[in-house]
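Asks: Need the 3D shape of this:
(one chain, ligands or ions: 1)
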Amino acid sequence: MTNNVFGVDLGTCNIKIYDRHADQIYKEKNIIAIANKKDVFAIGDEAFEMYEKAPANINVFFPMNNGVISNINAMQQLLSKFLNRHSKGNLKGSEFIMTFSNDITEVEKKAFHDVVLNSNFKPKQVDMVEKAVADAVGLGVDVKSAKGVMIINIGADTTEIAIISLGGIVISRLIHVGGNQLDEDIQNVLKREYNFYIGDKTAENLKKQLACATDCEESSAKAYGIDVVTGLPVEVDVPASLIFEAISDHLHTIIDSVKIILERTPPELAADIVANGVYVTGGSSRIRNLDKFIRKETNLKANIVEEPEESVVRGLATIIADDSLRSLNFVRQTRVYH
Ligand SMILES: Nc1ncnc2c1ncn2[C@@H]1O[C@H](COP(=O)(O)OP(=O)(O)OP(=O)(O)O)[C@@H](O)[C@H]1O
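Replies: Okay, here's the model as predicted:
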């Protein structure tokens with residue numbers, strides 16, 4: 001038995017895990033390939049390579065949807081293989097700190113907890129911490145102070161907007177809009193404008209190359225797909241202006257939710273947010289000029305962070321290292337093995 005500690009951030013698109021012994025963050029796609037309905041064929045980045053390319057007997061899928069675990073069995077198998085692959089022996093009897101969004105149901109929260117507690121690597125203890133709180137810690141914010149902080153985490157399937165003060169969430173909102181919905185927008189606009197069908201990965205690549213939230217420069221990128229009319233493979237040069245038009249509605253949906261939260265924020269906390277600006281994290285915060293867009297729409301400064309997918313897991317690493325932050329955890333569960 002070891003007494004290692006892991007910080008686990010299960011995202012709809014990416015798994016990010018901090019390993020205290022190795023003092024390292026592991027990050028891979030949260031996806032699994034199952035062969036013949038029962039055998040784990042591949043996980044993580046290796047399985048993602050197979051996505052949209054596998055033969056009929058191999059099912060490649062994401063075990064999370066909309067920020068919650070939709071297939072517990074697959075999630076457990078994936079996590080077990082992921083941890084065994086990376087942590088090599090530092091696993092059994094370890095402690096885990098998991099994150100979850102504040103606005104999911106109790107049953108959905110329990111699924112996050114149980115996926116580790118009931119796993120074959122027999123954890124000693126599983127603690128939970130709210131994702132927005134870990135996010136703020138990861139950004140270096142003093143979360144225990146009485147200052148209001150607004151965190152906007154734009155992930156793959158969800159955006160979580162939260163106001164934090166005194167180590168807890170004062171008000172929050174989770175909406176089902178994230179990078180995946182922007183990818184769908186791109187697929188839809190190309191079908192509508194060019195009768196052109198592209199896969200999920202191509203849509204995501206176009207987004208990464210061309211998406212911007214405001215003041216977009218003229219540019220374009222090549223994409224390969226299928227002509228819906230002829231059924232033949234074709235290449236199309238996609239202009240950035242079309243991507244901007246495609247994702248615009250969903251970016252406004254996110255901003256509308258930010259405004260709703262701001263309207264409901266107690267005035268003293270709102271004053272802190274005006275002074276310090278909002279913090280924007282999550283992989284989708286990489287969209288170009290998002291900070292300018294947020295400023296234009298809300299009059300608030302937007303702080304975009306580096307490596308925004310990892311701010312939550314960096315927060316978990318800080319919580320693990322700093323005993324004074326351990327009080328941020330809750331739902332402490334200890335398992336006794338006979
Ligand atoms: N350069 C980029 N431009 C735009 N989007 C990006 C870029 N890089 C990554 N993304 C998007 O970030 C998302 C993944 O971010 P992240 O890892 O924070 O999500 P997640 O935690 O897995 O999802 P969720 O929080 O919804 O459960 C994907 O939708 C991905 O396409």
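Asks: Can you list the buried residues in stretch 14-31?
Replies: In terms of neighbour count (16 or more other C-beta atoms under 10 Å), stretch 14-31 has its buried residues at 14-21, 25-31. Yep, even glycine has a C-beta here, placed from its N, CA and C like the rest.
Asks: Same check on stretch 84-97?
Replies: Going by neighbour count (16+ other C-beta under 10 Å), the buried part of stretch 84-97 is 86, 87, 90, 91, 93, 94, 95, 96, 97.
Asks: Could you dump those into JSON lines with secondary structure, pLDDT and distance to residue 255 added?
Replies: Shown next, in JSON lines, are the buried residues of stretch 84-97 (DSSP: H, G, I helix; E, B strand; the rest coil; pLDDT from 0 to 100; distance: C-beta to C-beta, whole Å):
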{"residue": "86", "secondary structure": "helix", "pLDDT": "94", "distance to residue 255": "37"}
{"residue": "87", "secondary structure": "helix", "pLDDT": "89", "distance to residue 255": "40"}
{"residue": "90", "secondary structure": "coil", "pLDDT": "69", "distance to residue 255": "43"}
{"residue": "91", "secondary structure": "coil", "pLDDT": "85", "distance to residue 255": "42"}
{"residue": "93", "secondary structure": "coil", "pLDDT": "89", "distance to residue 255": "46"}
{"residue": "94", "secondary structure": "coil", "pLDDT": "94", "distance to residue 255": "41"}
{"residue": "95", "secondary structure": "strand", "pLDDT": "94", "distance to residue 255": "39"}
{"residue": "96", "secondary structure": "strand", "pLDDT": "95", "distance to residue 255": "35"}
{"residue": "97", "secondary structure": "strand", "pLDDT": "95", "distance to residue 255": "32"}
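Asks: now residue 285, nearest residue through space, not along the chain?
Replies: residue 308 (4.6 Å; C-beta to C-beta, 6 or more residues apart in numbering).
Asks: Just the pLDDT at that neighbour, thanks.
Replies: Per-residue pLDDT puts residue 308 at 97.
Asks: ok, which stretches of the stretch 151-300 of the chain are helices?
Replies: Secondary structure of the stretch 151-300 of the chain (DSSP state H, counting those that start in this stretch): helices located at 179-194, 200-210, 240-264, 267-276, 290-298.
Asks: which parts of the chain sit against the ligand?
Replies: 11-14, 67, 155-158, 178-180, 204, 207-208, 211, 282-284, 286-287, 309 (C-beta under 6 Å from any ligand atom).
Asks: just the buried members of the residues you listed?
Replies: Using 16+ other C-beta under 10 Å, the buried ones in these are 11-14, 67, 155-158, 178-180, 204, 207, 211, 282-284, 286-287, 309.
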